[in-house]
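Participant: With the input below, show me the fold.
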Amino acid sequence: MSETQRKLTTIFSADVQDYTRLMGSDEEGTLATLKRYRDAMSGLIAAHGGRIVNTWGDGLIADFPSVVEAVRTAVDVQTELAGFNAAKPAAEQMLFRIGINLGDVILEGTDIYGDGVNIAARLQASAPAGGIVISSTVYDQVRNKVPVGFDFLGPLTVKNVSEAIPSYSIRIGEAAAQPASAAWQTAAAAIDHGPRPTTSPSKVRKRLSIFPIAAAVLVIVNALTWQGVFWAAWPILALAVTAGVIMARLQDRFDRYMTSLAIIGIGLVGINLLSWQGTFWAIWPLTGFAVVAAIRWVMRN
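Facilitator: Next comes the predicted model:
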């Protein structure tokens, strides 16, 4: 009996959200769309040095020798398919979910098997429509090499795998604007980096209790050194905006990016009022935020 062959590789798993519903609505049209989207995906996989291992129904498995190229492929795929979907009504859009894992696999001919593949499939199943979810092993390799944002999702339970797998979702196309003040810089940094992804949301919320304590200390110091100026308003505003942005990133009810923009906009209004000289200059960045939010809403819908 020949010895089992193994290799360390990056596994890329993708499938279509609501594929059964799409087939039930328009079988021939759905198959034609699937072929077009899969051809585009295959081209991007090959362009980044990947190899399609297997396809079935609406699913696809590929592997990559490079973790970075696998993630770049996923970002390119979702970006290109979003462009395809933009011309379709929401009910007819075909949205893929992608999961990526770095793991040791068993080789059998051109196919691959093992926990590494199972984990990639589980990550893909947990991804939102049009989204990408990666394992911590992938995150450790790409966090400083790919210009995207990451949100820690917590441990993911995988069948037949004893330990839960920490996972991250990828945010595509979200870059913080250039800051215009100290408060703006603090809030922008919170959007780009936020709480350390290895810290659970519950722990982050507990640590946020430090913010009101710090604000109270600033008010007391200001009062004890009173010289006719309430200077504590500035650092308190920065603390409030930072805490608001962090909380926006932890909630799931509203779009995190647009909620963060709204909070920063409120912070800018506060800066404008605290430095009031008869001009409401904050209207200009607020208008820019409104345009960005409108574009984002259109692209998502």
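Participant: Flag the helix or strand of the protein with the lowest per-element mean pLDDT.
Facilitator: helix 182-192 (a mean of 42; mean pLDDT, DSSP states H and E).
Participant: Would you mind naming the helix or strand containing Gly244?
Facilitator: Applying DSSP states H and E as the criterion places Gly244 in helix 233-250.
Participant: what's stretch 119-129 in contact with?
Facilitator: By C-beta atoms under 8 Å, 6 or more residues apart in numbering, the residues outside stretch 119-129 that reach it are 11-15, 17-18, 61, 95-101, 103, 133-135, 153, 156, 158-159, 161, 165, 167, 169. C-beta: built from backbone N, CA, C; applies to glycine.
Participant: State the mean pLDDT of it.
Facilitator: For stretch 119-129, the mean pLDDT works out to 93.
Participant: Buried residues in that stretch, which are they?
Facilitator: By neighbour count on 16 or more other C-beta atoms under 10 Å, the buried set for stretch 119-129 is Ile119, Ala120, Ala121, Arg122, Leu123, Gln124, Ser126, Ala127.
Participant: Export these to JSON lines and append columns for distance to Ile266 and secondary structure.
Facilitator: Listed next are the buried residues of stretch 119-129 as JSON lines, based on distance: C-beta to C-beta, whole Å; DSSP: H, G, I helix; E, B strand; the rest coil:
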{"residue": "Ile119", "distance to Ile266": "41", "secondary structure": "helix"}
{"residue": "Ala120", "distance to Ile266": "41", "secondary structure": "helix"}
{"residue": "Ala121", "distance to Ile266": "42", "secondary structure": "helix"}
{"residue": "Arg122", "distance to Ile266": "39", "secondary structure": "helix"}
{"residue": "Leu123", "distance to Ile266": "36", "secondary structure": "helix"}
{"residue": "Gln124", "distance to Ile266": "37", "secondary structure": "helix"}
{"residue": "Ser126", "distance to Ile266": "33", "secondary structure": "helix"}
{"residue": "Ala127", "distance to Ile266": "32", "secondary structure": "coil"}
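Participant: What is the helix or strand encompassing Asp15 packed up against?
Facilitator: Assigned by DSSP H and E, Asp15 falls within strand 5-16. Applying 3 or more C-beta pairs under 8 Å, 6 or more residues apart in numbering; DSSP states H and E, one finds that strand 5-16 contacts helix 27-47, strand 59-64, helix 67-85, strand 96-108, helix 115-126.
Participant: Would you mind saying which of those lies nearest Leu261?
Facilitator: helix 67-85 (20.0 Å; C-beta to C-beta).
Participant: The closest one vs strand 59-64, what angle?
Facilitator: On the basis of axes from the mean of the first three to the mean of the last three C-alpha atoms, to 10 degrees, helix 67-85 is oriented at 140 degrees to strand 59-64.
Participant: Show me how far helix 67-85 is from its chain's centre.
Facilitator: 13 Å (C-alpha atoms, centre = their mean, to the nearest Å).
Participant: what comes up buried for it?
Facilitator: Buried, per 16+ other C-beta under 10 Å, within helix 67-85: 67, 69-78, 81-82, 85.
Participant: which residues are contacting that helix?
Facilitator: 10, 12, 14, 36-37, 40-41, 44-45, 47-50, 62, 64, 93-96, 98, 100, 102, 130-132, 134, 138, 141-142, 145-146, 148, 170, 172-173, 299.
Participant: Mind giving me the ChimeraX select for those residues, buried ones only?
Facilitator: What follows is the ChimeraX syntax selecting those of these that are buried according to 16+ other C-beta under 10 Å:
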select :10,12,14,37,40,41,44,45,48,50,62,64,93,94,95,96,98,100,102,130,131,132,134,138,141,142,146,148,170,172
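Participant: Tell me the spacing between Arg171 and Val133.
Facilitator: 12 Å (C-beta to C-beta, to the nearest Å).
Participant: Of the two, give the one with the bigger neighbour count.
Facilitator: Val133 (27 against 17; other C-beta atoms under 10 Å).
Participant: Where does that one sit, in terms of helix or strand?
Facilitator: strand 132-135.
Participant: CA atoms only: put that strand into PDB for me.
Facilitator: Output of strand 132-135 as PDB, limited to C-alpha atoms (Å, rounded to 0.1, in the frame of the first residue of the first chain):
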ATOM      1  CA  ILE A 132     -15.700  36.200   3.000                       C
ATOM      2  CA  VAL A 133     -14.900  34.400   6.300                       C
ATOM      3  CA  ILE A 134     -11.300  33.200   7.100                       C
ATOM      4  CA  SER A 135      -9.800  31.100   9.800                       C
END
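Participant: Pull the distance from it to the chain's centre.
Facilitator: 9 Å.
Participant: That one: what's the following helix or strand?
Facilitator: By DSSP H and E, the next helix or strand past strand 132-135 is helix 136-142.
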